[in-house]
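>>> coords below, sequence missing:
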């Protein structure tokens with residue numbers, strides 16, 4: 001039977017060794033994963049295959065390599081880490097680093113380009129954008145950490161070779177189990193194995209609980225009043241806008257003027273380049289046009305970032321502290337005031353579209369760029385949102401919206417512009433007349 005004092009000594013050493021190795025490996029792995037997920041270069045897929053192959057890196061191989069490196073004639077002999085806790089941490093870190101890197105890399109790459117577009121248009125500073133990307137990928141990152149810790153705490157080969165299983169110094173739970181089994185003390189081995197299992201479960205539960213903490217924003221609506229002051233005068237002439245992909249011109253030398261107090265309807269058949277033009281103006285296609293900080297953008301497919309409705313409406317103030325927290329007033333506009341704590345992944349398509357529009361209003365910027373912003377809404381919801389668009393115009397803002405809805409264009413627009421095959425066309429042309437008549441609606 002193993003004494004209780006001996007068990008606690010071994011447990012503490014196990015937690016320190018495996019926990020420290022997991023922490024170090026996670027920090028380095030996340031840094032590399034963020035870099036790899038946000039860059040494109042030749043050889044990237046080859047590196048991915050190599051990292052995935054290292055998931056099954058044999059612990060004894062790591063143990064031999066670290067042992068040789070730390071031994072008297074090794075490259076790291078000056079560290080004097082052989083048969084120490086530090087040496088064991090070093091070996092476990094090398095062992096679990098590829099596993100955490102690969103899983104975290106995959107999770108961060110699954111953060112959609114649409115979410116990254118939201119961060120770009122909001123002009124989120126780099127450091128906070130990194131944390132937001134990690135927040136979006138947190139479930140995958142948590143899985144990576146749990147897999148890494150699970151492998152570290154259950155590992156025996158490398159720590160046995162590098163640590164030497166010295167009583168009171170380098171003995172951990174796994175090496176203790178091996179020792180007790182080798183001398184026939186099966187009851188003690190089972191006891192230590194049970195402690196190891198309980199310890200693993202406690203750590204797993206703790207990490208799962210940690211990811212539920214709202215590190216960004218509050219779960220309740222803010223009570224501040226909206227800033228409804230008038231915007232300063234502006235007049236932007238955007239000329240020769242072009243977008244080319246794979247040698248094909250999607251947008252060809254389009255020019256547009258955005259000025260105070262206008263609502264501009266952009267119309268054209270499906271595939272004519274409307275969305276590409278809006279994305280080009282927002283700086284999501286090609287270089288920044290220098291007006292990004294004056295733009296709030298609603299994409300055709302509503303993209304939500306945060307967990308709850310209240311947190312989503314507070315995203316603008318999370319990244320720009322000068323904005324008022326008027327999420328309650330905003331939610332009331334579109335009938336979302338009773339959905340404060342509802343998870344965004346349970347919202348209907350129409351509710352998501354309304355929420356994204358309100359998030360854009362919360363940015364309080366001079367220019368609203370809207371892409372089919374009421375396509376999934378009922379008549380009452382459309383009326384409420386159009387009323388807000390008109391109020392925005394009265395404040396001196398400019399709205400540019402793409403639509404197939406001829407009646408909506410007539411209700412809202414102070415002028416209508418047309419696009420066909422990526423080029424601007426005259427309002428009196430045959431194609432424009434067909435669009436205005438409602439003959440081409442999609």
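Looks like it arrived, so ask away. Source: prediction; values computed, not measured.
>>> Just the strands from the stretch 251-400 of the chain, written as ranges.
Counting by DSSP state E, counting those that start in this stretch, the stretch 251-400 of the chain has strands at residues 262-267, 295-298, 367-371, 398-402.
>>> The nearest residue to residue 55 once chain neighbours are set aside: helix or strand, and which one exactly?
For residue 55, ignoring the flanking residues on the chain, the nearest one in space by C-beta to C-beta, 6 or more residues apart in numbering is residue 99 at 5.4 Å. Yep, even glycine has a C-beta here, placed from its N, CA and C like the rest. Secondary structure from DSSP states H and E places residue 99 in helix 85-109.
>>> buried set for the helix or strand just after that helix?
Using DSSP H and E, the helix or strand that follows helix 85-109 in sequence is helix 113-121. Buried residues in helix 113-121, counted by 16 or more other C-beta atoms under 10 Å: 115, 116, 117, 118, 119, 120, 121.
>>> who touches helix 113-121?
129, 132-133, 136, 279, 282-284, 292, 295-297, 299, 301, 303, 305 (C-beta atoms under 8 Å, 6 or more residues apart in numbering).
>>> Between strand 367-371 and that helix, find me the angle.
Orientation check (axes from the mean of the first three to the mean of the last three C-alpha atoms, to 10 degrees): helix 113-121 against strand 367-371 gives 170 degrees.
>>> Tell me which other helices or strands the helix or strand just after helix 113-121 touches.
Using DSSP H and E, the helix or strand that follows helix 113-121 in sequence is helix 126-136. Counting contacts by 3 or more C-beta pairs under 8 Å, 6 or more residues apart in numbering; DSSP states H and E, helix 126-136 packs against helix 4-37, helix 113-121, helix 315-319.
>>> how about those in CSV, adding mean pLDDT and distance to residue 236?
Formatted as CSV, the helices and strands packed on helix 126-136 follow (pLDDT from 0 to 100; distance: least, C-beta to C-beta, whole Å):
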stretch, mean pLDDT, distance to residue 236
helix 4-37, 93, 34
helix 113-121, 95, 16
helix 315-319, 94, 22
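>>> Residue 239: which of the ones you listed is closest?
Nearest to residue 239, of all the helices and strands packed on helix 126-136, is helix 113-121, at 21.4 Å by C-beta to C-beta.
>>> angle of the closest one against helix 4-37?
Using the same axes, to 10 degrees: helix 113-121 against helix 4-37 is 80 degrees.
>>> hmm, back to that, with respect to residue 260, which of the helices and strands packed on helix 126-136 lies nearest?
Between residue 260 and the helices and strands packed on helix 126-136, the tightest spacing by C-beta to C-beta is seen for helix 113-121, at 20.5 Å.
>>> now the strands of the stretch 251-400 of the chain as a markdown table including mean pLDDT, mean neighbour count and distance to residue 322?
Output for the strands of the stretch 251-400 of the chain, formatted as a markdown table (pLDDT from 0 to 100; neighbours: other C-beta atoms under 10 Å; distance: least, C-beta to C-beta, whole Å):
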| stretch | mean pLDDT | mean neighbour count | distance to residue 322 |
| --- | --- | --- | --- |
| strand 262-267 | 97 | 22 | 26 |
| strand 295-298 | 98 | 24 | 15 |
| strand 367-371 | 98 | 24 | 18 |
| strand 398-402 | 98 | 24 | 21 |
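>>> Select, out of these, the one closest to residue 54.
Nearest to residue 54, of all these, is strand 295-298, at 40.7 Å by C-beta to C-beta.
>>> Who are the packing partners of the closest one?
Judged by 3+ C-beta pairs under 8 Å, 6+ apart, strand 295-298 is in contact with helix 113-121, helix 349-362, strand 367-371.
>>> Including distance to residue 249, could those go into JSON lines?
Listed next are the helices and strands packed on strand 295-298 as JSON lines, based on distance: least, C-beta to C-beta, whole Å:
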{"stretch": "helix 113-121", "distance to residue 249": "22"}
{"stretch": "helix 349-362", "distance to residue 249": "29"}
{"stretch": "strand 367-371", "distance to residue 249": "20"}
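>>> Touching, the residue nearest to residue 55 and residue 56? I think so.
No. Counting by C-beta atoms under 8 Å, residue 99 stays clear of residue 56, with 9.2 Å between them.
>>> higher neighbour count, those two?
Higher neighbour count among residue 99 and residue 56: residue 99, with 24 against 8, using other C-beta atoms under 10 Å.
>>> got a pLDDT number for that one?
With respect to pLDDT, residue 99 scores 97.
>>> Also residue 431?
On the pLDDT scale, residue 431 gets 88.
>>> Please apply the same query to residue 376.
Model confidence at residue 376 (pLDDT) stands at 86.
>>> Could I get the contacting residues of it?
Counted by C-beta under 8 Å, 6+ apart, residue 376 has contacts 349, 350, 353.
>>> pLDDT of stretch 195-209, averaged?
89.
>>> quick one, which of the helices and strands packed on strand 295-298 is nearest to residue 162?
helix 113-121 (41.4 Å).
>>> what's the closest non-adjacent residue to the most centrally placed residue in the chain?
Per C-alpha atoms, centre = their mean, the C-alpha nearest to the average position across the chain is that of residue 133, at 2.8 Å. Distances taken as C-beta to C-beta, 6+ apart place residue 111 nearest to residue 133, at 5.3 Å, with adjacent residues excluded.
>>> do residue 299 as well
Going by C-beta to C-beta, 6+ apart, residue 299 has residue 371 as its nearest residue, at 5.6 Å.
>>> Quick check, that neighbour in contact with residue 281.
No. At 10.8 Å, residue 371 and residue 281 do not qualify as touching, with contact defined as C-beta under 8 Å.
>>> sorry, back to before: contacts only, for the residue nearest to residue 299.
Residue 371 makes contact with 274, 275, 278, 297, 298, 299, 300, 401, 402, according to C-beta under 8 Å, 6+ apart.
>>> quick one: contacts for the third one?
Just to be clear, that refers to residue 278. Residue 278 neighbours (C-beta under 8 Å, 6+ apart): 266, 297, 369, 371, 400, 402.
>>> Same question for the fifth one.
Listed by C-beta under 8 Å, 6+ apart, the contact partners of residue 298 are 356, 357, 360, 368, 369, 370, 371, 373.
>>> Any idea how many residues pack against the nearest residue to residue 165 once chain neighbours are set aside?
Of all residues not flanking residue 165 in the chain, residue 175 sits nearest, at 4.3 Å (C-beta to C-beta, 6+ apart). Neighbourhood size, residue 175 [other C-beta under 10 Å]: 24.
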